[in-house]
Structure formats: C-alpha cells, structure tokens
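J.: Fold the following and give me the result.
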Amino acid sequence: AYVLSHNAQVTASAIAMGQISPEDGVDGSFELLYEISDTITTGKWVGDCFIYINNTGRLNYSVGGNIQNLVHLDTSAAGTSKHRILGYLAKEDRVYLVDKSLNISSHKVMLAVLQYQTAVMRGDFDAANELLPSIPESEYTTVARFLESQGFKEEAMAVTTDSDHKFDLALELGHIDVAHNLLDEVPEEDRDSTDTLAKWKRLSDLALKDTNLALCESASKASNDFSGLLLLYSATGNAAGMEELAKAAEEGGKTNVAFVAYLLTGNVEACADLLIATKRLPE
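T.: Numbering: from 1, shown residues only. Predicted coordinates:
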C-alpha cells in the first residue's frame, strides 16, 4: 500500500487552467510519502496515523511509515482476517471493530500516544514534550521503544520506565554511571539472579573498555567474574587483589583461577594444597 500526499493547490490550478491530461491526470498532484509493506483489508485515519487490519488479522497502526502492532485478531479457518474497522472514538481512546457475525469489539489506542508519535515523526519535539505529560506512565515504555526505533535513544532512555530497557540503552549510549545506579537499585532478593549477574558482567566489560578500572573491578566482583578479575589484577599488578581473588575463587569452586592466582602471588603451598584437595596432584 502507498500513502500519498495530495497537493490541492496544484490540482486546483491545473483545473482552472485546463491543464488536465486525460491519460496522466494532473502532474504533481500527488507525492509518495511512504509505503506500507502489508496487504490492507480495512483502515481508518486518525489524524496523521493510519490504523488498519491486514489480511492475516493483525491490527496495526502506522505513523510516518513506522508500523506498530496492537493485537493479533481471530482469523477465519483459512487464516484470513474476518474483521472490519468501524471507527475510532477519541474520547474513549478506542478503535471499534466488527466481524462477519456482526460481533463488535474494541481495543485501546491512546490518542495522546498517536499524537506524540506523529510529532516525533515530524521532528517537532517541542510539541512532543508538551504532549508527554498527557500520556499515562504505563505507556511510557511503549513510547520509549518507539523513540528507540526512530534512533532517538537518548530521549528513549529519559522516557522509559522499564529498568531493563533503560539499562540496555544506558550501556548502548555509554552512560555507565546510569547503568551502575540502576544495578545498585536492584532489590536484595534479585541481586544473585542470573539476569542481574549477567548485567554486572556487561557493565564490567564496558567499564574496562572505558578504562574505568575501579568500576570494572566492583562490577566483576558483583558478577563473580573471577576470570575477569584475574586478567584485571594481572594487568595492573594488584597483588592484594590477586590474593583476595585466589581465596574467593577457591571458595567459589573456580579452582583453575584460584591456582593461577596463588601461583602468581608465590603461594606455592596453597597451590599444592589445592591440587591435593581436587585430586589433581599429578598435574
């Protein structure tokens, strides 16, 4: 499907001057804005936003060519759409549909969100910022993901209320302090979860890349990244850190790291004890 812009002034001028071609119509009367790569069965314009249903039963909307999926509707036995759009009520923030059995249903589509996204697509951030307070905070993450999809990642990070989304954006944008603060705010019961440990590891990698060695060390400790600490302490010549690492790695069952750490600190007896304890003395 193609979305066209009609130049009424050019058309009116051509009609007034009698410059209408029977074959080509009025040259320049329409301009291609963007293409929707979908088979549309029914649609409705709400301002500059186009709400539509495709042939596979997906209720979508398009703002400036950016397509967002709202819901997957029930389809016929052949897998095709069986709904039509009746209309949109702005005061209810809902789009109304009817199926072939004349059953009416509705789905929430917030007008403020549509207006915000339209303003962003136009590059009018002053208008977008004025609209943002009218959007419920429950919709902020949806707005933020739209901003991210348009390349406005700084704005997305400022808007999103999803801590995981904000963390990912902070790392991508190189805001390690923001990412660090988010991890410090993780509830105590979630600090040892696999997801949290993985985030600390990602933060330590970025901190090392940014040569923030203090943060790299603390993040590596938080993620139990013994191998990373071994590399860090070896590179910086941190003997005290290496001794601490050797004990922590042994307690954590990372005997290979513990052995190397003990060896680098000259603690041969601990190396031998470790080999005996793990029944690897022949090595």
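J.: In space, what's closest to residue 267 - neighbours in sequence excluded?
T.: Leaving aside its sequence neighbours, residue 267 sits nearest to residue 246 (Cβ to Cβ, 6 or more residues apart in numbering; 7.1 Å). No exception for glycine: its C-beta is placed from N, CA and C like everyone else's.
J.: what are the phi and psi angles of the one you found?
T.: Dihedral angles of residue 246 (phi, psi; degrees, to the nearest 10) stand at phi -60, psi -50.
J.: residue contacts, it?
T.: 258, 261-262, 265, 267, 270 (Cβ atoms under 8 Å, 6 or more residues apart in numbering).
J.: mind checking how far it is from residue 268?
T.: Plainly put, residue 246 is 12 Å away from residue 268 if you go by Cβ to Cβ, to the nearest Å.
J.: quick revisit: filter the contacts of residue 246 down to just the ones in helices.
T.: Among those, the ones falling in helices (DSSP state H) are 258, 261-262, 270.
J.: ok, the residues you listed vs residue 235, which is closest?
T.: Set against residue 235, the nearest of the ones in helices among the contacts of residue 246 by Cβ to Cβ is residue 261 (13.6 Å).
J.: Cross-check the contact I'm expecting between the closest one and residue 242.
T.: Yes: assessed by Cβ atoms under 8 Å, residue 261 is found in contact with residue 242 at 5.2 Å.
J.: Settle it for me: which of those two has more neighbours?
T.: Higher neighbour count among residue 261 and residue 242: residue 261, with 28 against 22, using other Cβ atoms under 10 Å.
J.: Apart from its neighbours in sequence, what residue is nearest that one?
T.: Among residues not flanking residue 261 along the chain, residue 246 sits closest, at 3.6 Å (Cβ to Cβ, 6+ apart).
J.: now swap in residue 155 and tell me
T.: Residue 155's closest residue in space is residue 147 (Cβ to Cβ, 6+ apart), at 4.9 Å.
J.: Also residue 11?
T.: In space, residue 11 is closest to residue 29, 4.6 Å off (Cβ to Cβ, 6+ apart).
J.: What is the burial count for that neighbour?
T.: 20.
J.: what's the answer for residue 46, then?
T.: The burial count for residue 46: 18, using other Cβ under 10 Å.
J.: Same question for residue 267.
T.: So residue 267, with other Cβ under 10 Å, has 16 neighbours.
J.: ok so, going back, who touches both of residue 246 and residue 268?
T.: Joint contacts of residue 246 and residue 268 (Cβ under 8 Å, 6+ apart) are residue 262.
J.: Break down the stretch 51-200 of the chain into its strands, ranges please.
T.: Taking DSSP state E, counting those that start in this stretch as the test, the strands found in the stretch 51-200 of the chain are 58-63, 66-72, 83-89, 94-99, 104-108.
J.: Out of those, which one sits most buried?
T.: Comparing these by mean neighbour count (mean count of other Cβ atoms under 10 Å), strand 58-63 ranks first with a mean of 20.
J.: which residues sit in contact with residue 46?
T.: So residue 46 contacts 61, 88, 90, 109, 111, 114 (Cβ under 8 Å, 6+ apart).
J.: Quick check: the farthest pair among those?
T.: Across those (Cβ to Cβ), the longest gap, 14.0 Å, separates 61 and 90.
J.: isn't residue 148 right next to residue 169, touching?
T.: Yes: here residue 148 lies in contact with residue 169, judged by Cβ under 8 Å, at a distance of 7.0 Å.
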